[in-house]
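Colleague: I would like the atomic coordinates for the input below:
(one chain, ligands or ions: 1)
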Amino acid sequence: MPRRHSWAEPYKIKMVEHLRMTTRAEREEAIREAGFNTFLLRSEDVYIDLLTDSGTSAMSDRQWAGLMMGDEAYAGSRNFYNLEAAVRRFYGYRHVIPTHQGRGAEHILSIMCIKPGDFVPGNMYFTTTKAHQELAGATFVDVIIDEAHDPQSDLPFKGNVDLRKLEALIKRVGAGRIPYLCLQTNVNMAGGQPISLENLKATCDLCHRHGIRVMMDATRAVENAYFIRMREKGQSHRTIADILLDMCSHTDGCTNSAKKDSLVNIGGWLAVNDDDLADKARNLVVVYEGLHTYGGLAGRDMEAMAIGIEESVQLDHIRARIGQVEYLGNALVRAGVPIVRPIGGHGIFVDAARFLPHIPREEFPAQALAAALYVQSGVRAMERGAVSAGRHHDTGENLFPKLELIRLTIPRRVYTQAHMDVTAEAVIDLYEQAENIVGLRFTFEPKHLRFFQARFEPVVGARVLRTETIDEPVAVGAMGDGI
Ligand code: PLI
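Modeller: Take a look at the predicted model:
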């Protein structure tokens, strides 16, 4: 047997979904109608959809079979008990409360633990998490290490908590005003950057010494466990499942969006070890989501989740998943495209500030870059910069985080390496004509989580990409065309 130098997907394709190719003129029209916001495009107008890895996974044949085993009883569905057993086995928490998705769990956690005037520290914000903390009356405090805000720093664990920042906060406001610390795994807004096991333990120790709970955002904890195995001293012999359990065992509970690691299209859960907290959460979930044995989900969704959790910790799966992200990232690095280093777990984050130095922050370079990439190639990315950061909740001023990025997020088990090649070519091509991209300004700005629904217009002219290179598509796969 020859030595294997490359990896291949640990699955084969059983069913395909056709993609529609569009012309540049069609895409110009589509992005204008979408207010230059890729969230407002119709999916059928997108060629390669790298908006998010959330809810976009391809389920396995076992998961599809699981859907047929849905027990749609209102109360006590068999599938709930399967989900509960899977979470207990792989994450180790005692009490499991399903929710319709991650933000449902964040909502319950926030209203159950936060009092107005509290502070919630975290290793960088996430949009929905912070929104729920603020709606419950808390102020979010970023305690991630400084390097996480520097796209060029290539520390292996840029998701680590800066313990001095955390200690300073505890000293300043007192432990009594910190209901919990929110510990994100594979920190999304930092570029999918992991936290080390050592730092996770030290952070939990510090919090527990002050009587502060640690609630993990376990949304991408499996991917984080993979990086611990690959990058942390003394961890390479352990299984992903073993590392995951270890990570969770130091914390007091978690919120989880199962739409990522757990390979399902919808679902989430809140898990805690404390009996009283669990009772409180079960009571609140009835008000906002549904009975505590379904939490807004169908029985079949919970079954797919239970199976997905088990599949997610298989080494072959996670190696190929992150390997595909690295494949795309390395192609961009070779071409000199500025991306966040090191390459993260769930996507490639392109540094829009360095890509478009001619566009000031006030004209939202990342928003413009995502729109231009779509016009150029039909590839859909997501803004992760000032538009996502929103406004200060007291002063109303625009927040300008250090990171002004677009995210090319890779859905799990969906695209092939050829799709990654096409994406890399599209980004490199755009980089070579970046000076033709025009900044944007708001024409409509929603109050909450504005990036989802905001609308924009170019600051000059009518187009976000001022070039005439018309790349007519090859009409492959367009059902009904060319016959
Ligand atoms: O989209 P939800 O409500 O299932 O999950 C919210 C959520 C919580 N934490 C983290 C770290 C997330 O990444 C997250 C959702 N992320 C989305 C939708 C994303 O595109 O990254």
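
Colleague: near the ligand, which residues of the stretch 51-200 of the chain?
Modeller: Residues of the stretch 51-200 of the chain lying near the ligand by C-beta under 6 Å from any ligand atom: 52, 54, 101-103, 126, 128-129, 184, 188. All C-beta spots, glycine's among them, are computed from the backbone N, C-alpha and C.

Colleague: so can I have a markdown table of those showing distance to Leu245 and neighbour count?
Modeller: Shown next, in a markdown table, are these (distance: C-beta to C-beta, whole Å; neighbours: other C-beta atoms under 10 Å):
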| residue | distance to Leu245 | neighbour count |
| --- | --- | --- |
| Thr52 | 27 | 19 |
| Ser54 | 24 | 19 |
| Gln101 | 24 | 24 |
| Gly102 | 21 | 25 |
| Arg103 | 25 | 20 |
| Phe126 | 23 | 23 |
| Thr128 | 26 | 19 |
| Thr129 | 23 | 26 |
| Gln184 | 18 | 28 |
| Asn188 | 22 | 29 |
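
Colleague: Around Gln193, how many other residues sit close by?
Modeller: Gln193 has 33 neighbours, counted by other C-beta atoms under 10 Å.

Colleague: now it, which residues is it bridged with?
Modeller: Val187 (DSSP bridges).

Colleague: From the ligand, how far off is Arg407?
Modeller: Arg407 sits 8 Å away from the ligand, going by C-beta to the nearest ligand atom, to the nearest Å.

Colleague: does any bit of the longest helix that the chain contains sit next to the ligand?
Modeller: In the chain, with assignment by DSSP state H, the single longest helix is helix 315-334. No: for helix 315-334, no contact with the ligand is found by C-beta under 6 Å from any ligand atom; the gap never falls below 13.7 Å.

Colleague: just checking, what packs against that helix?
Modeller: With contacts taken as 3 or more C-beta pairs under 8 Å, 6 or more residues apart in numbering; DSSP states H and E, helix 315-334 sits against helix 221-231, strand 347-351, helix 417-431.

Colleague: So what does the one residue in the stretch 51-200 of the chain that gets nearest to the ligand look like in phi/psi?
Modeller: Among all residues of the stretch 51-200 of the chain, Gly102 sits closest to the ligand, at 2.5 Å; criterion: C-beta to the nearest ligand atom. As for Gly102, its main-chain torsions (degrees, to the nearest 10) stand at phi -60, psi -40.

Colleague: check whether the helix or strand of the chain with the lowest mean pLDDT contacts the ligand.
Modeller: Using mean pLDDT, DSSP states H and E, the weakest-scoring helix or strand in the chain turns out to be helix 386-389, at a mean of 93. No: judged by C-beta under 6 Å from any ligand atom, helix 386-389 makes no contact with the ligand; its nearest approach is 9.9 Å.

Colleague: continuing past that helix, what's the next helix or strand?
Modeller: strand 405-409 (DSSP states H and E).

Colleague: circling back to that earlier point, mind giving me CSV with the residues of the stretch 51-200 of the chain next to the ligand and columns for secondary structure and distance to Lys402?
Modeller: Shown next, in CSV, are these (DSSP: H, G, I helix; E, B strand; the rest coil; distance: C-beta to C-beta, whole Å):
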residue, secondary structure, distance to Lys402
Thr52, coil, 22
Ser54, coil, 24
Gln101, coil, 29
Gly102, helix, 25
Arg103, helix, 25
Phe126, coil, 16
Thr128, helix, 21
Thr129, helix, 19
Gln184, strand, 17
Asn188, coil, 15
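
Colleague: coming back round to it: report all helices and strands that the least confident helix or strand of the chain contacts.
Modeller: For helix 386-389, the packing partners by 3+ C-beta pairs under 8 Å, 6+ apart are helix 365-377.

Colleague: And the helix it packs on, what's buried?
Modeller: Within helix 365-377, the residues scored as buried using 16 or more other C-beta atoms under 10 Å are 365-377.

Colleague: ditto for stretch 71-79
Modeller: 71, 77, 79.

Colleague: As JSON lines, those with pLDDT and secondary structure would be great.
Modeller: Shown next, in JSON lines, are these (pLDDT from 0 to 100; DSSP: H, G, I helix; E, B strand; the rest coil):
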{"residue": "Asp71", "pLDDT": "98", "secondary structure": "coil"}
{"residue": "Ser77", "pLDDT": "98", "secondary structure": "coil"}
{"residue": "Asn79", "pLDDT": "98", "secondary structure": "helix"}
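
Colleague: can you pull the contacts of the closest residue to Val464 other than its chain neighbours?
Modeller: Among residues not flanking Val464 along the chain, Ala371 sits closest, at 4.5 Å (C-beta to C-beta, 6 or more residues apart in numbering). Residues counted as contacts of Ala371 (C-beta atoms under 8 Å, 6 or more residues apart in numbering) are 31, 36-38, 440, 456, 464-465.

Colleague: Now do the strands in the stretch 201-350 of the chain.
Modeller: Using DSSP state E, counting those that start in this stretch, the strands of the stretch 201-350 of the chain run over 213-217, 253-257, 268-272, 347-351.

Colleague: and these as CSV, adding mean pLDDT and mean neighbour count?
Modeller: Formatted as CSV, the strands of the stretch 201-350 of the chain follow (pLDDT from 0 to 100; neighbours: other C-beta atoms under 10 Å):
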stretch, mean pLDDT, mean neighbour count
strand 213-217, 98, 24
strand 253-257, 98, 29
strand 268-272, 98, 29
strand 347-351, 97, 29
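
Colleague: The ligand is nearest to which of the ones you listed?
Modeller: So among those, strand 253-257 is nearest, using C-beta to the nearest ligand atom, at 3.2 Å.

Colleague: most packed of the helices and strands packed on helix 315-334?
Modeller: Mean neighbour count, computed with mean count of other C-beta atoms under 10 Å, is highest for strand 347-351 among the helices and strands packed on helix 315-334, reaching a mean of 29.

Colleague: Check which residues of the strand or helix carrying Ile170 are buried.
Modeller: Using DSSP H and E, Ile170 maps to helix 163-173. Across helix 163-173, burial judged by 16+ other C-beta under 10 Å covers 165-166, 169-170, 173.

Colleague: quick one: which of the residues you listed is nearest Phe119?
Modeller: Val173 (5.2 Å; C-beta to C-beta).

Colleague: ok, the closest residue to the closest one other than its chain neighbours to Ile212 distance?
Modeller: Sequence neighbours aside, Phe119 is the residue nearest to Val173 in space, at 5.2 Å (criterion: C-beta to C-beta, 6+ apart). Between Phe119 and Ile212 the computed distance is 10 Å (C-beta to C-beta, to the nearest Å).
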